[in-house]
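Enquirer: Sharing a model prediction with you, sequence too.
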Amino acid sequence: MKNILSANQFNKEEIEKILASASKMEDAVNRGVINEVLKNKIIACIFFEPSTRTRLSFETAALKLGAKVISAENAMENTSTYKGETIEDTTKVLCSYADVLVIRHPEAGILDKAAKVSTKPLINAGDGANQHPSQGFLDLYTIKKEHNRLNNLNIGFGGDLLNSRTLRSLLPLIRAYEGNKFYFISPKELELPRDFIEELKRSGVIFEELRSLEEALPKLDVLYMTRVQKERFLDVSSYEKVKDLFILKKDHLKAMKLDAIIMHPLPKINEIEKEVDDDPRAAYFRQAQNGLYVRMALLLHVLGL
Ligand code: CP
């Protein structure tokens, strides 16, 4: 049985297989010829944190492949978690209804507890600031589609890196490819934790930490902007202090390469000026669309299909 709990669990061969499968899914969707291989399957999408893209694209992916969907959104309040049921008990029960469980939860690492008791494949749809592996795959797929390669790229992550599970999910996947250099661009308050940085150094990742977008922009092939994650701050005043420190403005685009792409996992709030959306380099809505094909591939992957 295959779970997808973390992007760290994949080797290059598996990554390549999933990207190839996603590409097949995209082609099948575009040609309207999808094989409904999941016709007798039920996919449970249980979201203890808000979501637009992840939940609805997983549900769409399941439906496109012929599966049926059961789901709970706002699951902190709308499931028996509200009455104090443990994640282990909830998981055991869901396994008696569904063939795959897709779960998002605000607590980092909680999916490991669920996996210990799960008898069905489990997909982590985001656990706190820890991991969001399906996002990592759709980001990787997007970079490959937009740049036609996954090596020798300068990739900048900008904004709230401290709380970014999307960075922690893309990085282990793209590290499988050679010649990439990473720029971590954030204010001090939102920089990557030092133990994470030390681990990157130990494993030979080439990177620089920068404090200004302006310094990084001319070098980048990919600018991956992130939202300052209000929900991860202990108090509103700490959030207010940093929320507007990093904003990508239309004027910034002049400094960027003509074939660079701007990515964002979405939702974006005010970290990207609205006018940037009209620039062809803004890839974030194409990125969100790729989530459908990648999640179709991931459902097939966990079911061994
Ligand atoms: N990128 C992402 O996880 O979006 P949602 O929170 O809308 O699912």
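Expert: Sure thing, it's come through. For clarity, every value in this text was computed on a predicted model and none was experimentally measured. Numbering: from 1, shown residues only.
Enquirer: Please list the residues of the stretch 201-305 of the chain that sit near the ligand.
Expert: Counting by CB under 6 Å from any ligand atom, the stretch 201-305 of the chain comes close to the ligand at P265, L266, P267. (Each C-beta comes from the backbone N, C-alpha and C, glycine too.)
Enquirer: Can you say which of these are buried?
Expert: Neighbour counting over these (16 or more other CB atoms under 10 Å) leaves P265, L266 as the buried ones.
Enquirer: May I see the residues of the stretch 201-305 of the chain next to the ligand arranged in JSON lines, with distance to E231, pLDDT and secondary structure as well?
Expert: Formatted as JSON lines, those follow (distance: CB to CB, whole Å; pLDDT from 0 to 100; DSSP: H, G, I helix; E, B strand; the rest coil):
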{"residue": "P265", "distance to E231": "14", "pLDDT": "98", "secondary structure": "coil"}
{"residue": "L266", "distance to E231": "15", "pLDDT": "97", "secondary structure": "coil"}
{"residue": "P267", "distance to E231": "12", "pLDDT": "96", "secondary structure": "coil"}
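Enquirer: And the next helix or strand past the helix or strand bottoming out on mean pLDDT in the chain?
Expert: Lowest by mean pLDDT, DSSP states H and E among the helices and strands of the chain is helix 236-242, with a mean of 78. In the C-terminal direction, the helix or strand that comes right after helix 236-242 (DSSP states H and E) is strand 261-263.
Enquirer: In terms of secondary structure, what does that next one contact?
Expert: Applying 3 or more CB pairs under 8 Å, 6 or more residues apart in numbering; DSSP states H and E, one finds that strand 261-263 makes contact with helix 133-147, strand 222-225, helix 284-302.
Enquirer: Run a quick neighbour tally on N163.
Expert: 20 (other CB atoms under 10 Å).
Enquirer: how far away is the residue of the chain positioned farthest from its centre from F246?
Expert: Relative to the centre of the chain, the most outlying C-alpha is that of K83, 29.9 Å out, by CA atoms, centre = their mean. Separation of K83 from F246 (CB to CB, to the nearest Å): 41 Å.
Enquirer: Who are the contact partners of the residue lying closest to E214 once chain neighbours are set aside?
Expert: Taking CB to CB, 6 or more residues apart in numbering as the measure, E214 lies nearest to A255, with 6.9 Å between them; neighbours along the chain are not counted. A255 makes contact with E214, L217, P218 under the criterion CB atoms under 8 Å, 6 or more residues apart in numbering.
Enquirer: What segments of this protein are helices?
Expert: Per DSSP state H, the chain carries helices over the ranges 12-31, 53-64, 75-78, 87-95, 110-117, 133-147, 165-174, 194-202, 213-216, 236-242, 284-302.
Enquirer: Turn those into CSV, columns for distance to K250.
Expert: Compiled in CSV, those are given as follows (distance: least, CB to CB, whole Å):
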stretch, distance to K250
helix 12-31, 30
helix 53-64, 25
helix 75-78, 38
helix 87-95, 44
helix 110-117, 39
helix 133-147, 20
helix 165-174, 24
helix 194-202, 32
helix 213-216, 13
helix 236-242, 22
helix 284-302, 15
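Enquirer: can you tell me which of the ones you listed the model trusts least?
Expert: Lowest mean pLDDT within the helices of the chain: helix 236-242, at a mean of 78.
Enquirer: Compute the distance from the centre of that helix to the centre of its chain.
Expert: Chain-centre distance of helix 236-242: 24 Å, with CA atoms, centre = their mean, to the nearest Å.
Enquirer: returning to that earlier point: point out the most buried one among the helices and strands packed on strand 261-263.
Expert: strand 222-225 (a mean of 27; mean count of other CB atoms under 10 Å).
Enquirer: Let me see the mean pLDDT of it.
Expert: For strand 222-225, the mean pLDDT works out to 98.
Enquirer: Tell me which residues are up against that strand.
Expert: Contacting residues not belonging to strand 222-225 are listed as 139, 143, 147, 153-159, 166-167, 170, 216-217, 246, 248, 256, 260-264, 268, 271-272 [CB under 8 Å, 6+ apart].
Enquirer: Repeat that for stretch 166-173.
Expert: In contact with stretch 166-173 (CB under 8 Å, 6+ apart) are residues 6-8, 10, 15, 129-133, 135-137, 139-140, 157, 161, 182, 192, 196, 205, 224, 226, 265.
Enquirer: Check what pLDDT V228 gets.
Expert: 86.
Enquirer: how near is it to G136?
Expert: 20 Å.
Enquirer: Then K92?
Expert: Distance from K92 to G136, by CB to CB: 28 Å.
Enquirer: about what we covered before: of all the helices and strands packed on strand 261-263, which one comes closest to L38?
Expert: Of all the helices and strands packed on strand 261-263, helix 284-302 sits nearest to L38, with 6.7 Å by CB to CB.
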